[in-house]
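Peer 1: Quick one, what's the 3D model for this:
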Amino acid sequence: MGSTRSTSLTQKTGNKLHRQSLYVKQKRDREKEKRESRFRRKKEEDREPELRRERVARNQPATIDRKRVWDDVDDDSLGASVDMEQLLKRRRLQQEEAEETLAAQAEDDNEDEDDQDEADSMLGSDGEEDSDEESAAKARAKQVIRDDSLAPSTTSTNLDLTPESLVAKFPSLFSDDGPAEPQVLVTTTLNSTLHDEARLLCTLFPHSTYIPRSAHKYGHKYSAREICKFAGNRGFSTVMILREDQKKPIGLDIVHLPSGPTFHFSITNWVEGKKLPGHGNPTNHYPELLLNNFKTPLGVLTARLFQSLWPKTPELQGRQVVTLHNQRDYIFLRRHRYIFRDKRPTEKSVVGADGKELKGVESIRTGLQELGPRATLKLRRIDKGIGRAGSEGDDAVQWEWKAKMEKKRTRFNL
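Peer 2: Residues are numbered from 1 along each chain as shown. All right, here's what the predicted structure looks like:
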């Protein structure tokens, strides 16, 4: 449709001014042809909307996220890179096929019997058992099916997909008997100078307390296990240890009380809220929590840990939201305040995942104001107990990041 771009001028000339005018003319002609082809395509797509859908589907960028590969295994351990939603759906289909096969075999056996009445009664009892099994299977399927919303999210994490193996391995983390308002104890490493950063973390997590670690030469230097025992006896549910290097936060250890597990994260790109342009000041309201793109068993376990750090019932009048967005195994931590406002004439309407405008919210837009702090986390290790020293057995280290895991750039762990 468009003219091919030539690398040299069509007419050679030694005059510099003439050569410049020829180049400007060629460039103007190319832009004119592009504009005309764009208008022709728009007219054709207006007549046949199917052409535009095909063009948009064909022109999707080939990003690393779109090229993501999954392990072709039926495994829900922490080291497996499998999509839990697809894995549970595949298992459910296999179970239904097995039940249908057993039912067909039972019907064939009953047809071969001589006594038709007894066969009918037996078929009736089998039908009742099958109906009970089917109702139980449907009840399990309903647990992983969420209600349709006006604007369904394509990245939110469904924690109902948690496999039974993780629940059996970490019963305290997946227990529903946990406190409705978690108590978090925040501390630092010895000889730390990150007092302001630790107090800033206390504003991020409700019901959190910062206790500095003394490094006095005559004072007792408490270990992490002693601190966790102290916190467990006083009603705390989580202990956070902020690690530093060159007076900057480089890591965060999160211990789930009373007996673990312990998650070790590295921290990069730490930015305080007051250094963000156009930032706001946070309030004491309980924020809403968004967990995005945690799909594997390891990702579901990490999302469950983050869920246990905030109260289960947010205070919507505060209009604050904390987002933990996982992308390529990097977890981006953000905190915003939102407000619903009228759509300006120059703005477009809100569209859904299918690219169509959402009905009912044509004249509404959302404004965001970042509150801070901002940080990027990456999971490095998971210990079974309280730290590596407090974990025993062959499974003391449940999962650990290694450099060879990133050899294949399209495979991710979370």
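Peer 1: would you list every one of the strands in the stretch 251-400 of the chain?
Peer 2: Counting by DSSP state E, counting those that start in this stretch, the segments of the stretch 251-400 of the chain that form strands are 262-271, 288-292, 320-327, 330-342, 364-370, 374-383, 397-400.
Peer 1: in the fifth one, what counts as buried?
Peer 2: What it means is strand 364-370. Applying a neighbour-count criterion of 16 or more other CB atoms under 10 Å, one finds residue 370 buried in strand 364-370. All C-beta atoms are positioned from the backbone trio N, CA, C, and that covers glycine.
Peer 1: circling back: switch the strands of the stretch 251-400 of the chain over to a markdown table, and while doing so, append mean pLDDT and distance to residue 170 to every line.
Peer 2: As requested, those are exported to a markdown table (pLDDT from 0 to 100; distance: least, CB to CB, whole Å):
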| stretch | mean pLDDT | distance to residue 170 |
| --- | --- | --- |
| strand 262-271 | 94 | 11 |
| strand 288-292 | 94 | 17 |
| strand 320-327 | 94 | 19 |
| strand 330-342 | 93 | 19 |
| strand 364-370 | 90 | 33 |
| strand 374-383 | 94 | 9 |
| strand 397-400 | 90 | 9 |
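Peer 1: Ok, which of the ones you listed comes nearest residue 79?
Peer 2: Proximity to residue 79 (CB to CB) singles out strand 397-400 among the strands of the stretch 251-400 of the chain, at 6.6 Å.
Peer 1: Show me what that closest one is packed up against.
Peer 2: Using 3 or more CB pairs under 8 Å, 6 or more residues apart in numbering; DSSP states H and E as the contact test, the elements touching strand 397-400 are strand 374-383.
Peer 1: Just give the strands next to the strand it packs on in its sheet, each with its orientation.
Peer 2: strand 262-271 (antiparallel), strand 330-342 (antiparallel), strand 397-400 (antiparallel) (DSSP bridges).
Peer 1: The ones you listed into TSV, with extra columns for mean neighbour count and distance to residue 58?
Peer 2: Formatted as TSV, those follow (neighbours: other CB atoms under 10 Å; distance: least, CB to CB, whole Å):
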stretch	mean neighbour count	distance to residue 58
strand 262-271	18	35
strand 330-342	16	30
strand 397-400	17	39
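Peer 1: so which of those gets nearest residue 158?
Peer 2: strand 330-342 (17.5 Å).
Peer 1: In PDB, list the C-alpha atoms belonging to that closest one.
Peer 2: Extracted C-alpha coordinates of strand 330-342, given in PDB (Å, rounded to 0.1, in the frame of the first residue of the first chain):
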ATOM      1  CA  TYR A 330       9.800  -8.900  40.400                       C
ATOM      2  CA  ILE A 331       7.100  -7.700  42.900                       C
ATOM      3  CA  PHE A 332       6.300  -4.000  42.600                       C
ATOM      4  CA  LEU A 333       5.000  -2.400  45.800                       C
ATOM      5  CA  ARG A 334       2.900   0.700  45.400                       C
ATOM      6  CA  ARG A 335       0.300   2.600  47.500                       C
ATOM      7  CA  HIS A 336      -2.200   5.000  46.000                       C
ATOM      8  CA  ARG A 337      -5.300   7.000  46.900                       C
ATOM      9  CA  TYR A 338      -8.000   7.000  44.300                       C
ATOM     10  CA  ILE A 339     -11.000   9.200  43.600                       C
ATOM     11  CA  PHE A 340     -13.900   8.900  41.200                       C
ATOM     12  CA  ARG A 341     -14.400  11.900  39.000                       C
ATOM     13  CA  ASP A 342     -16.300  13.000  35.900                       C
END
